[in-house]
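[1] Sequence unavailable; structure follows:
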């Protein structure tokens with residue numbers, strides 16, 4: 001027997017931020033959540049799964065019209081024709097929708113109510129599924145605590161939309177603990193709400209399947225669902241199946257040592273080639289971050305718009321399979337390579353003095369003592385601010401000197417004529 005666990009489909013998510021980006025492939029990105037659901041249904045049918053579990057946030061609040069619900073219903077009808085049962089619950093986004101409350105779904109779909117935990121037993125499968133929907137968006141009580149104990153002689157599954165004890169970037173809805181989940185005696189917990197796939201525990205398995213399709217650059221990587229196989233009532237296989245249509249990526253490109261901006265752009269090309277290969281034919285939406293110490297840093301500072309265009313031109317070479325969402329220049333000047341270009345004179349002497357001070361503990365201590373005097377003289381309301389650094393610490397002074405050195409070089413070289 002096989003079942004599939006998915007969550008956070010966010011079908012027809014509005015993706016309002018896309019309108020800020022000129023040239024964004026909006027139609028392909030907006031249609032991705034629907035196509036990912038189609039792939040999920042295809043997976044269930046091809047693997048001859050007998051049960052699909054949907055752990056909340058099927059939708060994204062109220063629909064603009066009924067086409068969203070009709071599309072979902074049509075996919076559930078495909079599963080009905082294939083003999084696949086579906087058990088779902090409402091998450092925080094579903095709870096905000098009024099239209100979904102009146103949608104009639106095929107009879108193979110069971111949705112848990114929000115009043116109390118409930119159990120659905122599939123005797124022919126040897127499975128019991130326990131769950132409870134959100135009745136409102138901001139559920140702050142521990143729903144899992146009220147779930148019933150495991151039913152003997154069955155494979156028990158807990159279906160839950162939760163942040164557990166908290167996950168970065170997610171509201172702490174339906175908070176609970178791993179020990180609470182394990183105390184129920186279930187063999188599998190199918191969790192939703194957290195968009196990054198996570199195996200929280202094994203034997204018994206507690207899994208966030210992650211969202212089915214990434215919606216923006218903060219949801220990078222391969223997205224999909226979890227396929228689970230049982231034999232004689234015992235779990236024998238758990239497998240992540242990739243189902244996304246659009247692949248979001250933060251493409252980190254080190255351009256350290258690049259002598260020219262053209263060399264740096266070649267580094268971007270190679271990095272994008274790697275990301276395109278990993279995307280396996282999907283549309284790649286990439287944020288490109290250029291990092292590292294490089295002589296090219298000065299050129300990026302002088303003409304960032306030009307080199308932004310150069311990076312986007314590289315993306316065009318991939319025949320429409322790559323869209324660069326943003327280019328972030330986080331490079332630093334290569335101090336040792338650039339130092340000879342400062343020539344002699346006062347600036348060169350100043351840079352040399354900074355380098356000597358950084359390397360001399362006595363000079364650092366003397367500078368720190370002077371800064372500490374200044375800090376002690378600050379008004380009380382400033383001195384007590386949270387996060388104010390300790391200016392008497394020599395290591396902090398050394399970091400300040402490094403920042404000063406970089407700024408001086410960057411400002412000097414930004415005024416030079418581009419080579």
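    Good, I have the coordinates. In this text the structure is predicted, and so the values were computed from the model without any measurement.

[2] OK, contacts around the spatially closest residue to residue 244 that is not a sequence neighbour?
    Nearest residue to residue 244 in three dimensions, chain neighbours excluded: residue 223, at 4.1 Å (CB to CB, 6 or more residues apart in numbering). (Each C-beta comes from the backbone N, C-alpha and C, glycine too.) Shown in contact with residue 223 (CB atoms under 8 Å, 6 or more residues apart in numbering): 36, 197, 210, 211, 212, 213, 214, 242, 243, 244.

[3] Distance check, the first one against residue 58.
    Think residue 36. Distance of residue 36 to residue 58, computed by CB to CB, to the nearest Å: 12 Å.

[4] more neighbours, the two?
    A count of neighbours by other CB atoms under 10 Å puts residue 58 above the other of residue 36 and residue 58, at 27 against 24.

[5] The more buried one contacts residue 92, correct?
    No: using CB atoms under 8 Å as the test, residue 58 is too far from residue 92 to be in contact (11.7 Å).

[6] What number of residues are in the vicinity of residue 133?
    22.

[7] what's near enough to touch the residue nearest to it when sequence neighbours are not counted?
    Leaving aside its chain neighbours, residue 133 sits nearest to residue 90 (3.8 Å; criterion: CB to CB, 6+ apart). Under the criterion of CB under 8 Å, 6+ apart, the contact partners of residue 90 comprise 56, 58, 100, 111, 112, 114, 133, 134, 135, 161.

[8] and if you look at residue 119?
    Listed by CB under 8 Å, 6+ apart, the contact partners of residue 119 are 128, 129, 130, 148, 151.

[9] And the nearest residue in space to residue 114 that is not next to it in sequence, how far from residue 328?
    Closest residue to residue 114 apart from its sequence neighbours, by CB to CB, 6+ apart: residue 135 at 3.3 Å. Taking CB to CB as the measure, residue 135 falls 42 Å from residue 328.

[10] try residue 49
    Residue 49 is 42 Å from residue 328, by CB to CB.

[11] same deal with residue 128?
    Distance from residue 128 to residue 328, by CB to CB: 49 Å.

[12] got it, and residue 9?
    30 Å.

[13] Compare those two and say which is more crowded by neighbours.
    It is residue 9, of residue 9 and residue 328, that has more neighbours when counted by other CB under 10 Å, with 29 against 14.

[14] That one reaches residue 33, doesn't it?
    Yes: using CB under 8 Å, residue 9 is in contact with residue 33, at 6.4 Å.

[15] so what sits against both of these two?
    Common contact partners of residue 9 and residue 33 (CB under 8 Å, 6+ apart): 212, 213.

[16] did I read that right, residue 291 in a strand?
    Yes: the assignment for residue 291 is a strand, going by DSSP: H, G, I helix; E, B strand; the rest coil.

[17] That one touches residue 254, doesn't it?
    Yes: using CB under 8 Å, residue 291 is in contact with residue 254, at 5.6 Å.

[18] Check the secondary structure at residue 221 for me.
    Applying three-state DSSP: residue 221 is coil.

[19] That one and residue 183: what is the separation?
    Distance from residue 221 to residue 183, by CB to CB: 32 Å.

[20] same thing with residue 262?
    Counting by CB to CB, the separation of residue 262 from residue 183 is 61 Å.

[21] still on that earlier bit, if you rank the contacts of residue 119 by neighbours, which is first?
    Busiest of the contacts of residue 119 [other CB under 10 Å] is residue 129, holding 27 neighbours.

[22] quick one: contacts for that one?
    51, 53, 87, 119, 120, 121, 122, 157, 159.

[23] What is the burial count for the closest residue to residue 196 other than its chain neighbours?
    The shortest distance from residue 196 to any non-neighbouring residue, by CB to CB, 6+ apart, is to residue 210 (5.5 Å). Neighbour count for residue 210, taken as other CB under 10 Å: 26.

[24] quick one: contacts for residue 210?
    With contact set as CB under 8 Å, 6+ apart, residue 210 has these partners: 7, 8, 194, 195, 196, 197, 198, 223, 224.

[25] And the first one, its phi and psi?
    It stands for residue 7. Torsion angles at residue 7 (phi, psi; degrees, to the nearest 10) stand at phi -160, psi 160.

[26] Buried only: go through the contacts of residue 90 for me.
    56, 58, 100, 111, 112, 114, 133, 134, 161 (16 or more other CB atoms under 10 Å).

[27] Filter these down to the ones in strands?
    Here DSSP state E is the test, and the buried ones among the contacts of residue 90 give 111, 161 as lying in strands.

[28] Can I get the buried ones among the contacts of residue 90 in a markdown table including pLDDT?
    Output for the buried ones among the contacts of residue 90, formatted as a markdown table (pLDDT from 0 to 100):
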| residue | pLDDT |
| --- | --- |
| 56 | 91 |
| 58 | 92 |
| 100 | 54 |
| 111 | 94 |
| 112 | 95 |
| 114 | 91 |
| 133 | 94 |
| 134 | 92 |
| 161 | 96 |
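
[29] Can you tell me which of the buried ones among the contacts of residue 90 is nearest residue 42?
    The nearest member of these to residue 42, counting by CB to CB, is residue 58 at 17.4 Å.

[30] how much space between that closest one and residue 141?
    The gap separating residue 58 from residue 141 is 22 Å, by CB to CB.

[31] Which helix or strand contains residue 285?
    Take DSSP states H and E as the rule and residue 285 turns out to sit in strand 283-294.

[32] swap that for residue 247, sorry
    If you go by DSSP H and E, residue 247 is part of strand 246-254.

[33] What mean pLDDT does that strand get?
    Regarding strand 246-254, the rounded mean pLDDT is 95.

[34] And it, what does it pack against?
    Applying 3 or more CB pairs under 8 Å, 6 or more residues apart in numbering; DSSP states H and E, one finds that strand 246-254 contacts helix 261-279, strand 283-294.

[35] and the angle from it to strand 283-294?
    10 degrees (axes from the mean of the first three to the mean of the last three CA atoms, to 10 degrees).

[36] By neighbour count, which bits of strand 246-254 are buried? Give me those.
    246, 247, 248, 249, 250, 251, 253, 254.
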